[in-house]
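Enquirer: below: sequence and its predicted model.
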Amino acid sequence: MGRLDKSVAIVTGAGSGNGLAIATALAGEGCAVVIGEYSDERGAAAAEGITRAGGRARFVRTDVSRWADIDRLVGFALREFGALHILVNNAGVLDGYATCLDTSDELFDRVIAINLKGVFFGCRRVLPEMVRARYGKIINIASVAGLQAKAGGTAYTAAKHGVVGLTRQLACEYGPSGIRVNALCPGPVSTQLRKTSAEVLGEIAPSMTGGLGTASEEYIRELIPLGFRGSSDDVARATVFLASRDSDYMNGHALVLDGGLTAK
């Protein structure tokens with residue numbers, strides 16, 4: 001028996017990296033998973049891999065910055081599985097650590113549209129379903145850049161701070177209806193996000209060579225008290241906890257997963 005038997009979850013941006021690890025971990029706990037992913041190739045492969053391993057997964061191509069796509073994603077999950085208990089808003093892009101003066105209008109708008117407005121769209125679409133059920137878990141994947149400066153560029157930091165603020169606001173608004181809304185704030189994690197960000201942003205993508213993702217292991221050992229980067233599996237395990245009954249008294253919390261980085 002898994003911790004999430006008979007549960008149904010949506011995970012956005014689940015074609016690779018943290019999202020794929022989260023979807024795989026949820027399925028491993030008995031949860032049916034609907035993958036919302038921008039890339040047809042990555043999304044289909046993720047669903048196939050989970051199904052091949054004995055889990056239940058479906059894929060719906062999704063651009064989280066488009067309301068119509070989010071509406072279709074949630075509608076599919078409800079038709080396919082008859083309920084929706086968990087939403088993981090994971091889809092996001094990097095801004096290449098671009099400073100304010102190096103951030104174009106187009107880059108700022110697109111990062112905000114994906115990283116913040118996409119989270120808002122997801123929450124707004126699932127909340128009526130969860131309110132009717134008097135229970136639900138929303139997990140918004142933020143970042144340590146949602147809690148402090150200098151952990152991302154201007155647009156990324158603004159968006160992730162917005163995600164943390166939105167999480168807290170919704171927790172207060174919908175806690176009385178039995179909805180738990182929490183954020184997860186990872187520090188440096190090794191993923192393919194630089195590559196996928198460049199793909200999604202296209203011609204407006206800045207250089208993705210800055211930040212801790214390209215820092216030397218020696219620098220990471222000096223910077224992070226535990227001395228190493230996190231992994232997507234770390235993020236997935238924390239997400240399973242937030243999705244499970246084990247965290248039912250947590251609401252409006254920003255759970256930091258950074259090896260002690262923000263404790264310094």
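Expert: That came in fine, so what should we check first?

Enquirer: quick one: the strands in the chain?
Expert: 8-12, 32-37, 56-61, 86-89, 136-141, 179-186, 254-257 (DSSP state E).

Enquirer: pLDDT score for the closest residue to residue 13 other than its chain neighbours?
Expert: Excluding its sequence neighbours, the residue lying closest to residue 13 (C-beta to C-beta, 6 or more residues apart in numbering) is residue 91, at 3.1 Å. For the C-beta atoms, the positions are set from N, CA and C on the backbone; glycine is no exception. Here the pLDDT value assigned to residue 91 is 98.

Enquirer: now residue 213
Expert: 67.

Enquirer: and if you look at residue 124?
Expert: 99.

Enquirer: and the gap between it and residue 233?
Expert: As for residue 124, its distance to residue 233 is 30 Å (criterion: C-beta to C-beta, to the nearest Å).

Enquirer: low-confidence ranges, the protein, go.
Expert: Low-confidence segments of the chain, defined by pLDDT under 70: 213.

Enquirer: so which elements touch the lengthiest helix in the chain?
Expert: Counting by DSSP state H, the longest helix found in the chain is helix 154-174. With contacts taken as 3 or more C-beta pairs under 8 Å, 6 or more residues apart in numbering; DSSP states H and E, helix 154-174 sits against helix 105-112, helix 118-133, strand 136-141, strand 179-186, strand 254-257.

Enquirer: just the CA trace of that helix, in CSV.
Expert: Coordinates of each C-alpha in helix 154-174 appear next as CSV, following Å, rounded to 0.1, in the frame of the first residue of the first chain:
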residue,chain,number,x,y,z
THR,A,154,15.5,39.8,-11.9
ALA,A,155,12.6,38.1,-13.6
TYR,A,156,13.1,34.7,-12.0
THR,A,157,13.5,36.2,-8.5
ALA,A,158,10.4,38.3,-8.9
ALA,A,159,8.4,35.4,-10.2
LYS,A,160,9.5,33.0,-7.4
HIS,A,161,8.8,35.6,-4.7
GLY,A,162,5.4,35.9,-6.3
VAL,A,163,4.8,32.1,-6.1
VAL,A,164,5.6,32.1,-2.3
GLY,A,165,3.3,35.1,-1.7
LEU,A,166,0.5,33.5,-3.8
THR,A,167,1.0,30.2,-1.8
ARG,A,168,0.5,32.0,1.5
GLN,A,169,-2.5,34.0,0.3
LEU,A,170,-4.3,30.9,-1.1
ALA,A,171,-3.5,29.0,2.1
CYS,A,172,-5.3,31.6,4.1
GLU,A,173,-8.2,32.0,1.7
TYR,A,174,-8.9,28.2,1.2
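
Enquirer: in that helix, which residues are buried?
Expert: 154-164, 166-168, 170-171, 174 (16 or more other C-beta atoms under 10 Å).

Enquirer: swap in stretch 189-203?
Expert: Within stretch 189-203, the residues scored as buried using 16+ other C-beta under 10 Å are 189, 191, 193-194, 196-198, 200-201.

Enquirer: what residue is smack in the middle of this protein?
Expert: The centroid of the chain falls nearest to residue 90 when counting by C-alpha atoms, centre = their mean (1.6 Å).

Enquirer: how far away is the closest residue to residue 239 other than its chain neighbours from residue 35?
Expert: Distances taken as C-beta to C-beta, 6+ apart place residue 22 nearest to residue 239, at 4.8 Å, with adjacent residues excluded. In this view, residue 22 and residue 35 are 10 Å apart by C-beta to C-beta.

Enquirer: name the residues contacting each of those two.
Expert: Listed as contacting both residue 22 and residue 35 by C-beta atoms under 8 Å, 6 or more residues apart in numbering are 11, 14.
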